[in-house]
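> Please find the sequence and the predicted model below.
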Amino acid sequence: MRRVSCLLSVLLLSGLSGESFAEDVSVRPNVLLILVDDLGYGDLGYMGAADMRTPHIDRLAASGMTFTSFYANCPVCSPTRAALLTGRYQDLVGVPGVIRTHAKDSWGYLRHDAVLLPVPMAKAGYHTAMVGKWHLGLESPNRPGERGFELFRGFLGDMMEDYYNHRRHGVNYMRHNGRTIDPTGHATDLFSQWAVDYLQTAARRKDGRPFFLYLAYNAPHTPIQPPEEWVARVLKREPKIDRRRAKLVALIEHMDDGIGKVLTALESSGQSKNTLVIFSSDNGGQLSVGANNGRLRDGKQSVYEGGLKVPTCVSWPGRIEPGSRSGLMALSMDLFPTVCEVGRATAPAGIEGRSILPTLLGKSQQELRQYWFFSRREGGARYGGKTIEAVRQGSWKLLQNSPFQPLELYNLKSDPLETTDLSKQNPKVFRELSRVLRRQLQRYGEVPWQKPGAGD
């Protein structure tokens, strides 16, 4: 067995490509995909947060590859989750905006023929499980168990109004598979423990199947409600910190502690050396609650960089070089084909996602696409049911951050903080990207995003 392991290491170091890797039957890893909610680009220790202590996520990042140009598909929750789990632009699977509990304020409906990641993974022989926040539908056929997850323990809705009573508009959306449950405890603690329980069960399972576990925290989404003892720790360590910021720091540190317990369970069950672990966020941090997006402009809900650029790292012992960094630009939806390739699963034809496995294995990789699209639909007086969007080509980025304001053009190479609108100085670039963006919006218009009768 040791000889096989050594041989594999030699193959990897000598330049094993993504294609040949997929054919190597000696490699069949587990996959743990961790998605957190509204985490700011600068809100981790390894991302430079001086007032933050996140040792477990930092250790995960140090053990593998960190990405400096990883982007969420959308600056809000549901659309990014739809893109992540389908490998497609969210509008093309019917989720241009946030799916909510009230139909008249819901801006998406996951299309019935969208293939979610657990489906090809199950076909490839994986046990598929999800723990945490779903946010892609409350009713049949859009619940986790009907979209490919063999096990689900978590919250169906968009946000909890209280981390301890787990309700939304007074309704309990906590489920264990199809059964309503009413557990006690902070949601972060529950999700962490349920993931630990699953990993321990997976280690004991005798059917020989590797696992795909999607662990989706609702932290650090509002309400900013960390356990009081965690706030006290932060205030003691950082006596000059703003109280609002202290609560958010405590909520993130509490989540990091839970992730640490999950990683410890992975190690103690003997599965860590054969597990690919991915960590990312669904969008940037919410500035109004004290989030830190580094020097990036704006935050959650915005198609400026602060709403889209997210901390992301990937670890895989013996395969990904510890402490490595990549500037490859990638999107949430690119994780779908990456996980499929790692698990030797067949990704559906026609997806827009592109595998980043060559980069993870230390190989050079060309830019994944010529044009990068970001969009979001929303209601209320600020949006009026319309969309905000952006398109990027190379260093050029055209965006409309309000449906009632003009398009803006930035060069991110010379102006990464998006301070100077160049639309008047570069009319040719402006016209070309405007044309490309309009064509993409026409593609989106082919896909319904409301359940029939939802607006009645």
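Nice, thanks for sending it over.
> Run through the helices of this protein in chain order.
2-13, 18-23, 55-62, 77-86, 118-123, 187-204, 228-237, 243-268, 305-308, 335-342, 357-360, 380-383, 427-444 (DSSP state H).
> Quick one: mean pLDDT for the longest one?
Looking at helix 243-268 alone, the average pLDDT works out to 98.
> right, and the helices of the chain - which one's nearest Arg392?
Arg392 lies closest to helix 427-444 among those, at 8.4 Å (CB to CB). Every residue, glycine included, has its C-beta placed from N, CA and C.
> Check which helices and strands that closest one sits against.
Here helix 427-444 touches strand 372-377, strand 387-393, strand 396-400, strand 408-411, going by 3 or more CB pairs under 8 Å, 6 or more residues apart in numbering; DSSP states H and E.
> In the longest one, which residues are buried?
Of the residues in strand 387-393, those with enough neighbours to count as buried (16 or more other CB atoms under 10 Å) are 387-393.
> Can you add distance to Pro29 and mean pLDDT and give the helices and strands packed on helix 427-444 back as a markdown table?
As requested, these are exported to a markdown table (distance: least, CB to CB, whole Å; pLDDT from 0 to 100):
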| stretch | distance to Pro29 | mean pLDDT |
| --- | --- | --- |
| strand 372-377 | 29 | 98 |
| strand 387-393 | 32 | 98 |
| strand 396-400 | 35 | 98 |
| strand 408-411 | 39 | 98 |
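> Tabulate those strands (JSON lines), appending distance to Pro96.
Converted to JSON lines, the helices and strands packed on helix 427-444 look like this (distance: least, CB to CB, whole Å):
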{"stretch": "strand 372-377", "distance to Pro96": "4"}
{"stretch": "strand 387-393", "distance to Pro96": "7"}
{"stretch": "strand 396-400", "distance to Pro96": "14"}
{"stretch": "strand 408-411", "distance to Pro96": "21"}
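> low-confidence ranges in the stretch 151-300 of the chain?
Within the stretch 151-300 of the chain, no stretch has pLDDT under 70.
> how deep is Leu368 tucked in, by neighbour count?
When neighbours are defined as other CB atoms under 10 Å, Leu368 has 17 of them.
> what's near enough to touch it?
328-331, 334, 354, 356 (CB atoms under 8 Å, 6 or more residues apart in numbering).
> do Gly48 as well
Residues in contact with Gly48 (CB under 8 Å, 6+ apart) are 42, 294.
> With mean neighbour count added, can I get the helices of the chain in a markdown table?
A markdown table is the format used below for the helices of the chain (neighbours: other CB atoms under 10 Å):
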| stretch | mean neighbour count |
| --- | --- |
| helix 2-13 | 12 |
| helix 18-23 | 14 |
| helix 55-62 | 19 |
| helix 77-86 | 29 |
| helix 118-123 | 20 |
| helix 187-204 | 20 |
| helix 228-237 | 15 |
| helix 243-268 | 21 |
| helix 305-308 | 28 |
| helix 335-342 | 25 |
| helix 357-360 | 24 |
| helix 380-383 | 11 |
| helix 427-444 | 15 |
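> Glu139 is nearest to which of those?
By CB to CB (comparing all of the helices of the chain), the closest turns out to be helix 77-86, at 14.7 Å.
> Tell me the helices and strands packed up against the closest one.
helix 335-342.
> residues making contact with the helix it packs on?
Contacts of helix 335-342 (CB under 8 Å, 6+ apart): 18, 21-22, 29, 31, 33, 84-87, 117, 120-121, 124, 212, 276, 278, 280, 345-347, 351, 353-357, 360.
> The nearest residue to Ala129 once chain neighbours are set aside: how many residues sit nearby?
Excluding its sequence neighbours, the residue lying closest to Ala129 (CB to CB, 6 or more residues apart in numbering) is Leu151, at 4.0 Å. Using other CB under 10 Å, Leu151 has 20 neighbouring residues.
> what do you get for Ser69?
A count of nearby residues for Ser69, using other CB under 10 Å, gives 12.
> ok, and the closest non-adjacent residue to it?
Met329 (4.3 Å).
> Check the contact between that neighbour and Glu367; I expect there is one.
Yes: judged on CB atoms under 8 Å, Met329 makes contact with Glu367 at a distance of 6.8 Å.
> neighbour-wise, which of the two wins?
Met329 (18 against 12).
> Against Thr359, how distant is that one?
Separation of Met329 from Thr359 (CB to CB, to the nearest Å): 10 Å.
> From Met65, how far off is Arg319?
Counting by CB to CB - Arg319 and Met65 are separated by 10 Å.
> Contacts for stretch 426-439 next, please.
By CB under 8 Å, 6+ apart, stretch 426-439 touches 371, 373, 389, 391, 393, 396, 398, 407, 409, 422-423.
> What is the nearest of the residues you listed to Val310?
The closest of the contacts of stretch 426-439, once distances to Val310 are taken by CB to CB, is Phe373, at 16.5 Å.
> ok, the closest one - contacts?
Applying CB under 8 Å, 6+ apart, the residues contacting Phe373 are 89, 389-391, 437, 440.
> which residues sit in contact with Gly178?
143, 145.
> Which residue ranges of the stretch 51-200 of the chain form strands?
With DSSP state E, counting those that start in this stretch as the criterion, the stretch 51-200 of the chain has strands at 65-67, 70-71, 127-133, 151-155, 167-168, 171-172, 174-176, 179-180.
> Make a markdown table out of these and add distance to Val289.
Shown next, in a markdown table, are the strands of the stretch 51-200 of the chain (distance: least, CB to CB, whole Å):
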| stretch | distance to Val289 |
| --- | --- |
| strand 65-67 | 25 |
| strand 70-71 | 22 |
| strand 127-133 | 17 |
| strand 151-155 | 20 |
| strand 167-168 | 18 |
| strand 171-172 | 24 |
| strand 174-176 | 24 |
| strand 179-180 | 30 |
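> Gly270 - how many residues pack around it?
The number of residues packed near Gly270 is 9, by other CB under 10 Å.
> Out of the helices and strands packed on helix 427-444, flag the one nearest Gly284.
strand 372-377 (11.6 Å).
> Pick out the most distant pair among the contacts of stretch 426-439.
Phe373 and Leu422 (19.7 Å).
> one step back: what's the overlap in contacts for Arg319 and Met65?
Leu360.
> just to revisit the earlier point, which among the contacts of Phe373 gets closest to Glu305?
Of the contacts of Phe373, the one sitting nearest to Glu305 (CB to CB) turns out to be Ala390, at 9.6 Å.
> I'd like to know the beta-bridge partner residues of the closest one.
Phe374, Leu399 (DSSP bridges).
> just use 656 as the starting number from now, easier for me
Yes, from this point I'll number from 656; that puts the last item at Ala1045.
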